[in-house]
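Q: mind folding the following:
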Amino acid sequence: MFKRRNLLTAAGIIFIYFVVYALQSMGMISKFQEINLMMLGINIILAVSLNLIVGFTGQLALGHAGFMAVGAYVAAVLTMKLHQPFALAIVCGALAAAVAGIIIGLPTLRLKGDYLAIATLGFGEIIKGMANNIEYIGGAAGLIGIPRLTNWTILYVMMVITIVVIVNFLNSTHGRACVAIRENEIAAETMGINTTYYKVMAFALGAFFAGVAGALYAHYFYLIQPTSFTFFRSFDVLVMVVFGGLGSITGSIIAAAAITLVNAALQDLAVLRMVIYAVLLIVIMVFRPQGLMGNKELSLGNRIAKRGAAGGSA
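A: I've put the predicted structure just below:
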């Protein structure tokens, strides 16, 4: 039964890829639709990676845009200025973001709740301030003329890799330790779990894939600026995670798709976008505080929910 479900999931993943690829090849996807399609994939990577930190490990972090910026700038410098292959640029950008995650995670993840949120928010602002003042990466004007190397195939492959890696991480003993920390950190520490180690591990892995998203973003939109990675970008991703359900990979995917489509629909109402987000959050908190999916999964995440409950009870 499990093998059959995996085969069906793989078939569905391949089917979606070829449907979109065929529509692109036939010119049935407009430029506007293509931009939103690419943003959808990038947002899924961001939402799933942040859910690992916030939803599964229980650490309220608001610095995801900072990790995305690190990945974007490192990858852009490698391809634009040092003329390195795109694959190497993605890996280096992601690793740089992961290292940043470890550096910021070691001192701050001893904090909890609002204090951790403020500390990670400060990290994002530090990254933005540094980007504003380093002329080598364009300063406030940003980097212009980045080669457009991100396409549907690369984005889709990276999105699938992100989901598969995080799902497998969560189904491992490391993932169960993270869920145990979320459920009761004191109890987890009493049972011998090194809480700081696992929180930093989850933080670094989430930052790694945020760096991947940044590299893909930079090489699709030609231009990156410090203003592309403000607090509002982190807030967007957090809304996706909360809307989809803390502790649900499926929920993050659905919410990322829904909010990307809402953003596209509200393109002419940019001023009201944050107001609509606020109203959306209020409605969710009142009528569905656990999010669309809660901690449930549609398919390949079923084991996560079960093991997560086991980890929490342990």
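
Q: state the pLDDT value of Ala270.
A: Ala270 is assigned 65 on the pLDDT scale.

Q: actually Arg110, not the one I wrote
A: pLDDT, read off for Arg110, is 76.

Q: the helix or strand encompassing Ala204: what's the following helix or strand?
A: According to DSSP states H and E, Ala204 maps onto helix 195-218. Scanning forward in sequence from helix 195-218 by DSSP H and E, the next helix or strand is helix 231-244.

Q: other SSEs contacting that following helix?
A: helix 31-51, helix 64-80, helix 113-133, helix 249-265, helix 273-287 (3 or more Cβ pairs under 8 Å, 6 or more residues apart in numbering; DSSP states H and E). Heads up, the C-betas are built off the backbone N, CA and C, glycines and all.

Q: if you compare those, which one is most tucked away?
A: Mean neighbour count (mean count of other Cβ atoms under 10 Å) peaks for helix 64-80 among these, with a mean of 28.

Q: mind checking how far the residue positioned nearest the centre of the chain is from Phe229?
A: Taking Cα atoms, centre = their mean, the centroid of the chain lies closest to Leu46, which sits 1.6 Å from it. Leu46 sits 11 Å away from Phe229, taking Cβ to Cβ, to the nearest Å as the criterion.

Q: what touches both of the two?
A: Met68 (Cβ atoms under 8 Å, 6 or more residues apart in numbering).

Q: quick check: phi and psi on Gly101?
A: The phi/psi pair for Gly101 (degrees, to the nearest 10) reads phi -60, psi -40.

Q: chain neighbours aside, what residue packs nearest to it?
A: Ala207 (2.9 Å; Cβ to Cβ, 6 or more residues apart in numbering).

Q: next: Ile102.
A: Ile102 sits nearest to Ala204 (Cβ to Cβ, 6+ apart), 5.0 Å away.

Q: can you list the low-confidence ranges for this protein?
A: Scanning the chain for pLDDT under 70 picks out 1-2, 270, 277, 299-314.

Q: chain center to the helix or strand hosting Ile14, what's the gap?
A: Assigning secondary structure by DSSP H and E places Ile14 in helix 2-25. Distance, stretch centre to chain centre, for helix 2-25: 22 Å (Cα atoms, centre = their mean, to the nearest Å).

Q: and what of stretch 291-299?
A: 17 Å.

Q: Phe209 versus Val54, what's the distance?
A: Applying Cβ to Cβ to Val54 and Phe209 gives a distance of 14 Å.

Q: related to what we said a few turns ago, my guess is the residue nearest to the centre of the chain contacts Ala207, does it?
A: No - contact criterion Cβ atoms under 8 Å: Leu46 and Ala207 do not qualify, at 11.1 Å.
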